[in-house]
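Colleague: okay, sequence plus prediction incoming.
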Amino acid sequence: MSNPTSINQPEQCGLSRRDFLKLSAATAGSAAVLGAIPIAQKLLAAAEHAPAYALADPANQINTVCLQCNTGCGIKVKMLDGVAAKIDGNPYSPWTLAPHLDYNLPITQTAKVEGALCPKGQAGLQTAYDPYRIMRVLKRKKGTKRGAGQWETISFEQAIEEVVNGGDLFGEGHVDGFKDVYALRDGEVFAKMGAAVKAIWAEKDAAKKQALVEAFKQEFADHLEAMIDPDHPDLGPKNNQFAFVWGRMKKGREDLVHRFMQESFGSINMNGHTTVCQGSLYFTGRAMSAKWNPATGTFDSGDKFYWQGDVAHSEFVIFVGANMFESNYGPPLRVPQITQGVVNRGMKYAVLDPRLSKAAAKAWRWVPVKPGEDGAFAMGMIRWILEHERYNAAYLAIANKAAADAAGEPNYSNVTWLVKIRDGVPGKLLRASEVGLVTAVATTDAEGKAITVYETADGTRFASDVPVVLVDGKPTPIDPVAADAAPIRGDLFVDQTLEGIAVKSGLQLVKESAETHTIAEWAEIAGAREADILVLAQEFTAHGRKAVADLHRGASQHTNGFYTILAWYTLNLLIGNFDYVGGMVKATTYNRMGTKKGQPFDVAKMTNGNNIAFGLDALRTKVAYEKTTLLNGYPTKRPWFPLATDVYQEDVPSFGDGYPYPIKILMAYMSALAYALPAAHKVIEILADPKKIPLIITSDIMVGETSTYADYIFPDLTYLERWELHGSHPSVAYKVENVRQPAISLPGWPTTKVFGEEIPVCFEAVFLTIAEKLNLPAFGPDGFGRGIPFTRPEDFYLKQVANIAFGEKEDGSDAVPEADDTEVTLFRQARRFLPKTVYDYDRWRQAVGDESLWRRVIYVLNRGGRYQSRTQAFKGAKVANAYGRLINLYQEKTATSINTITGKPYIGYPVYVPPGLAADGQPVRDEGYDLTLLTYKEITMAKARGIADYWLLAVLPENFILMNASDAARLGLKTDDRVKITSASNPDGVWDLQNGTKKPMIGKVRVVEGIRPGVISFPLGWGHYASGAQDITIDGQNIQGDPRRATGIHANAAMRVDPVIGNVTLSDLAGGSAVFYDSKVKVEKV
Amino acid sequence: MTQSEEQKERSYSSTRRDFLRALLGVGGAAAALASMDRLMANPEAILEAINRATGDQATAVADFPFALDPTDPPDVLLRMQIELHRALQKRPEERRWVMVIDLRKCVGCHACTIACVAENRLPPGVVYRPVLEQEVGTFPNVTRTFLPKPCMQCDNPPCVPVCPVTATYTNEEGVVVVDYDQCIGCRACMTACPYASRTFDFGIQYVDNTPMGNGTLLGQSGVAPMELLPVFEYGRSRERVPHHSPIGNVRKCHFCLHRIKEGMLPACTLTCIGRATLFGDANDPESLVAEMIASPNVMRLKEELGTEPRVYYLV
């Protein structure tokens, strides 16, 4: 780092605003004769005291993207002399204006047009300008323990030296650095070993598998010391012992990390935080979108995504566990769709939520469902809809793509496909050869290779053994995906035996699931009235395809999340609303990686070499246990996750247990592991112990909760100062990409030199500098190939923006226009206060190269992203950016994946599963703990980092524990009484910070009617023990905490620790969710 | 980039001039002055001065800069902004600014509260636009209501006659304003207002009592550039420094007159995510607000006091 006191700032930064205005006046002009006109004199005098409303000047505006929550609203940052003064909505973005502005409107005409933004978004100024932001690297003081809050500043360069080289960094003995963990360094060996491990996993025979392991050891005898365990080569190289864990990271930065971790440093372990948000929603989506592979006759993995409702056009919506007005994705986008829908269009909506959310308060019906029993409610609705034949039979019968095309349907499902039932248990899908519909024929392909095809009696050939449906009772093979195949419409309900094989259709299985209880019983389980189920089912099926059930984390963050989501998605499927306007839609973004033909930068392929990571990931998500060399019966020490990835709650406990292997370096980014996770006190126990994870580094904007347990904290830029590609969200039917870019730079922000370039100290600087020290491929002067440097963050991001600007047509016809001279000038003027280390026009242009393409990049940057028009996104009753393929109601892959704790397969179709089960599937019974603890979000608080926004704290300075009046009366409590929350796994009701402090979970009660009796809930984001809430010491100087940042309660440590696994929250082993809502607690007045 | 280009780039006056020249071109009186470059450095203020002299803001805002697709109904935010531009073509006394708050659409998000704080740089304790919340009913028949409560901009304002120095008055557009230079901070108006719409600026800052900057932490000094940005209220830039207005003044909602003048909606209206807050000229029969205040479900707060509020509620 350059001298820490040296300041990188534009010349004008030293000037006052008034000086600046004078300067502007001077440069503006020729010598005007003024004194001759008395009125003008007077006017000038007035003018000097009343400068213009400079915020409306396009030269003072940069359109970028919010990150106060994950919604990613387009924002317009309005500046005064380079200081962010006001943030409003970017009117080009569909997030804040509906319909959004015509993308081609010049920015000169839109400077005074703004979209609406939520309070958090507007308070983002205080996230950037936060007194507690760190500007220098902090190192844990030698001789003090993790969590002690004793820090020493250290130069960025020195810090990198230390984490790269390791050594006795804290007086606690030797710590391995990156150079030690970067054990395997040969790209060719990486590739060969990766292939060999794949072959080991593909081998089904145990003896042959062992033989492959021995062969591996022989072939790579020279490199075995680089392996974690040569006897288990599938654990991969020691490089995997560097784990990168992130909380809030979007594309762009994620792509950069992917390049570093998986293509350069060679570690498989980069894990996001999906499962702390709405994991089971994502992974049910992934299971339902599994792709039929016509060549193999099996399913390839689906997409990690989910659907949401296009509620802007719905006539009826059921929100399930979706907090529409206070959080979700997100208020500026979805609130006006609902409020205007209800008042202007007569839309109706119902809300299932134990708490009377603000949305529930305005709903047509509020169903205060029992926590975790949303699935039972869905089963009741499914039963009623099936019994009354209120489903879309014509759509459901469509069994393959050819039939969907013929019917003009955008997609199709497998509800008619036959499933084999063995001993009453549904397993694999029936294949045509098993009932003699096809026979295997040996032949050769076009290249003369021997292959097997499957042929029917009439000569129809399939590349693989295909599924079967009944057509008017007749077994019929189907080609699921070929457009030119025979269109097949199957019988919906099938329960019979074919050639001695018991089979049922998927829809039959759903029917049987729903029939396990009467509707009255389902209502009873759900804690609802039977009438609620009947009325909602009736209404849901009374609007054609313009009804939708929109789901979120309230439904998914239970131990049964996967099956609850599946049941509700099934309801949507029954009315066939996928890809329909007002129905279920999905996110669509422009291709940023440049993988489409003709796109300017195939970013991943542009490299001077690589080390492609391989091996088992530390969370055990990317390969089935049974395929690995670790297979040794059930239960496993910790669960494996065959259906989920990024199982956030498993990161630290897995590293703590060293299962499946120890982690030597953990880097956490924007990751409130030690705060946001349920049962996070167990996380703290592990983080605080250097023997469990020897080196922890974080990238943070302040000393946050996770950083409190770090060895080194590297300061990062906030979202207003940096790059990222925010992508889209499921309810946005438009094709978009939101481009986050530097809008401001803080005076005095430190810089560092890497690859000879001066760049701000930030997240990217950490990776670039480590890459330089270790001479990693894919970074540096030839990082993108000979002579194409990757030495600055924007070298990467601008190439991605160029891909977005170019679009996806080879002939360039999908490109945005070139910015004209006026727009180029404004682009430069708006950035005139950014230091050269952040923005250098010529250097930016070089990163793109071609002048025409560069002008298109400017066009995108001037608009804060790229946004498709309304007319392009909706085609009559259907959406243009359709999902458009097979929807798996029955999931063969799920049904054949094993729960490694119980040793039994998962269920592959919608069933009712009760909430609150431990990892072994047994109910957790916490006698004496009589209240269910829930959480929610207030709109004025972002989960882990909102505490810095004082404007918002002024609205709601402290949180509280919502409690129904009947419970309060029973417990003798009234509003503002202070209570302590305890649970069976935290009977003392404390956060043990492992530094001698035990912070009790005490908060104030707020007695309300609007919550289900027996349930309490608190809004997240308060009750901090770091992030400026407590005193810390830096270089021996006490930095006082701010009592405003310490108010309220954070009761996540009362959430149930899984009694089987012991050091982690309850989890949904199928969908991966960390469980927030299945804990029983007690409150005691203090 | 050469040094001179860099200089040019950093000075935004040239494009600003073009931009403002275009604006000026609309108004006849201003056009006469348009050749004077020195004035051009800050013509909006000049316009304001002209307006003050002539009592006419009609020249301040050009026509709305672009046309909308007539087949695609615009966001009400755009519709209202276009109507605002139309109203600004009239003489101030010919327009009647009103606000309509549709409580059915208010979701209690406080975006308006914060937008107002951010736009007007309100310190702790000064709030122009609170949102009140109430729970009504008994489980499970229960709801929550939200009530944004700006200054009612009464046609018969009880706060005005009590001011001993006539610092607060109804301007020619019907908005109750405070002349900070006249206000002596006696707070009589605060007591007189039946809606509690006025608060006092005690001169505190949100970052008071946080660490000072020391090169390691950003600190108060690092935050100061944002925290101490000038206030633009009433179309005049004021640095908020001790012993100077608006510190020591009573402050209140003014419908963001400084934004209106620019053809922009009040901050609370612009940022209403529920699209519950509507603003416009009730004298324009084609305006959204004129349409809405004729609804059968319209009401005003404390009508019995005879204050004649210009803020209407739809319930």
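Modeller: Noted; the coordinates are in hand. In this text, all values refer to a predicted model and were calculated from it rather than measured experimentally.

Colleague: ok, and the closest non-adjacent residue to B:Gly219?
Modeller: Leaving aside its sequence neighbours, B:Gly219 sits nearest to B:Gly213 (CB to CB, 6 or more residues apart in numbering or on different chains; 2.8 Å). The way it works is simple: take the backbone N, C-alpha and C, and place the C-beta from them, glycine included.

Colleague: just say helix, strand or coil for the one you found.
Modeller: coil (DSSP: H, G, I helix; E, B strand; the rest coil).

Colleague: burial of it, as a residue count?
Modeller: For B:Gly213, the neighbour count with other CB atoms under 10 Å in any protein chain shown is 18.

Colleague: now A:Asp842
Modeller: 9.

Colleague: can you verify it is assigned to a helix?
Modeller: Yes. A:Asp842: assigned to a helix according to three-state DSSP.

Colleague: relative to chain B, how far out is it?
Modeller: 6 Å (CB to the nearest CB, to the nearest Å).

Colleague: so how far is A:Arg1006 from that residue?
Modeller: 57 Å (CB to CB, to the nearest Å).

Colleague: check B:Tyr234 too.
Modeller: Taking CB to CB, one finds B:Tyr234 at 40 Å from A:Arg1006.

Colleague: nearest to chain B: which residue in the stretch 751-900 of chain A?
Modeller: Distances between the stretch 751-900 of chain A and chain B by CB to the nearest CB are smallest at A:Arg832, namely 4.0 Å.

Colleague: show the contacting residues for A:Leu169.
Modeller: Listed by CB atoms under 8 Å, 6 or more residues apart in numbering or on different chains, the contact set of A:Leu169 reads A:Lys142, A:Glu162, A:Val175, A:Leu695, A:Asp711.

Colleague: could you pull out the helices for the stretch 101-250 of chain A?
Modeller: Ranges of helices in the stretch 101-250 of chain A, per DSSP state H, counting those that start in this stretch, are A:119-122, A:124-128, A:156-165, A:178-181, A:187-202, A:206-219.

Colleague: so how far is the second one off the chain centroid?
Modeller: If you compare the mean C-alpha spot of helix A:124-128 with that of the full chain, they lie 22 Å apart, counting by CA atoms, centre = their mean, to the nearest Å.

Colleague: for it, which outside residues touch it?
Modeller: Helix A:124-128 has contacts (CB under 8 Å, 6+ apart) with A:66-68, A:75, A:84-87, A:701, A:718-721, A:744, A:746, A:945, A:948-951, B:118, B:206, B:226.

Colleague: only whichever of the residues you listed are buried, select them in ChimeraX.
Modeller: Under the burial definition 16 or more other CB atoms under 10 Å in any protein chain shown, those of these that qualify are selected in ChimeraX by:
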select /A:66,67,68,75,84,85,86,87,701,718,719,720,721,744,746,945,948,949,950,951 /B:118,206,226
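
Colleague: so of the contacts of helix A:124-128, which ones are in strands?
Modeller: The strands, defined by DSSP state E, take in A:Ile75, A:Ala84, A:Ala85, A:Lys86, A:Ile87 from those.

Colleague: excluding its backbone neighbours, what's nearest the third one?
Modeller: It refers to A:Ala85. Among residues not flanking A:Ala85 along the chain, B:Leu229 sits closest, at 5.1 Å (CB to CB, 6+ apart).

Colleague: quick one on the thing from earlier: OK, contacts around the residue nearest to B:Gly219?
Modeller: With contact set as CB under 8 Å, 6+ apart, B:Gly213 has these partners: A:Pro131, B:Gly219, B:Gln220, B:Ser221, B:Gly222, B:Val223.

Colleague: recalculate using a threshold of 10 Å.
Modeller: A:Pro131, A:Arg133, A:Met135, A:Gly748, B:Gly219, B:Gln220, B:Ser221, B:Gly222, B:Val223, B:Ala224 (CB atoms under 10 Å, 6 or more residues apart in numbering or on different chains).

Colleague: which pLDDT value belongs to the second one?
Modeller: According to the predicted model, the pLDDT of A:Arg133 comes to 98.

Colleague: I figured it hits B:Gln220, correct?
Modeller: No. Between A:Arg133 and B:Gln220 there is no contact under CB atoms under 10 Å: 11.6 Å.

Colleague: those two: who's more crowded?
Modeller: A:Arg133 (27 against 17).

Colleague: contacts only, for that one.
Modeller: For A:Arg133, the contacting residues are A:127, A:700-703, A:715-718, A:746, A:749, A:948, A:1028, B:213, B:216-219, B:222-223, by CB under 10 Å, 6+ apart.

Colleague: show me the shaky parts of the chain.
Modeller: By default, I'm working from chain A. Residue ranges of chain A with pLDDT under 70: A:1-51.

Colleague: think we crossed wires, I meant chain B
Modeller: B:1-61.

Colleague: can you list the domains in the chain?
Modeller: Going with chain A. A:11-51, A:172-277+A:612-704, A:393-512, A:916-1085 (automatic domain parsing).

Colleague: looking at chain B here, not the other one
Modeller: B:1-60, B:97-314.

Colleague: save those as CSV, and put in distance to B:Gln81 too.
Modeller: Output for these, formatted as CSV (distance: least, CB to CB, whole Å):
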stretch, distance to B:Gln81
domain B:1-60, 15
domain B:97-314, 6
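
Colleague: before we move on, which element is the closest residue to B:Cys268 other than its chain neighbours in?
Modeller: Nearest residue to B:Cys268 in three dimensions, chain neighbours excluded: B:Cys112, at 3.6 Å (CB to CB, 6+ apart). Using DSSP states H and E, the element containing B:Cys112 is helix B:111-120.

Colleague: tell me what the next helix or strand after that helix is packed against?
Modeller: Sequence-wise, the next helix or strand downstream of helix B:111-120 (DSSP H and E) is strand B:131-138. In terms of contacts (3 or more CB pairs under 10 Å, 6 or more residues apart in numbering or on different chains; DSSP states H and E), strand B:131-138 is packed against helix A:358-361, strand A:1002-1008, helix B:111-120, strand B:141-148.

Colleague: contacting residues around strand B:131-138?
Modeller: The contact list for strand B:131-138 (CB under 10 Å, 6+ apart) reads A:119, A:356, A:358, A:361, A:955, A:965-966, A:1006-1010, B:106-113, B:142-150, B:268.

Colleague: ok, it: who's next to it in the sheet?
Modeller: Paired neighbours of strand B:131-138 in the sheet (DSSP bridges): strand B:141-148 (antiparallel).

Colleague: show me what counts as buried in the strand it pairs with.
Modeller: Neighbour-count burial for strand B:141-148 [16+ other CB under 10 Å]: B:Val142, B:Thr143, B:Arg144, B:Phe146, B:Leu147, B:Pro148.

Colleague: please name the nearest non-neighbouring residue to the closest residue to chain B within the stretch 501-650 of chain A.
Modeller: Nearest residue of the stretch 501-650 of chain A to chain B, counting by CB to the nearest CB: A:Arg529, 9.2 Å away. Distances taken as CB to CB, 6+ apart put A:Ala523 closest to A:Arg529, at 6.0 Å, once the chain neighbours are dropped.

Colleague: which phi and psi does that neighbour have?
Modeller: Dihedral angles of A:Ala523 (phi, psi; degrees, to the nearest 10) stand at phi -60, psi -40.

Colleague: that one contacts A:Ala537, correct?
Modeller: No. Contact criterion CB under 10 Å: A:Ala523 and A:Ala537 do not qualify, at 11.2 Å.

Colleague: overlap in contacts, these two.
Modeller: The overlap between the contact sets of A:Ala523 and A:Ala537 (CB under 10 Å, 6+ apart) consists of A:Phe377, A:Gly380.

Colleague: distance check, the most centrally placed residue in chain B against chain A.
Modeller: The residue lying closest to the centre of chain B (CA atoms, centre = their mean) is B:Cys256, at 1.1 Å. Counting by CB to the nearest CB, the separation of B:Cys256 from chain A is 10 Å.

Colleague: what's the local residue count around the nearest residue to that residue once chain neighbours are set aside?
Modeller: Excluding the flanking residues, the one nearest B:Cys256 by CB to CB, 6+ apart is B:Pro266, at 3.8 Å. Counted with other CB under 10 Å, residues neighbouring B:Pro266 total 29.
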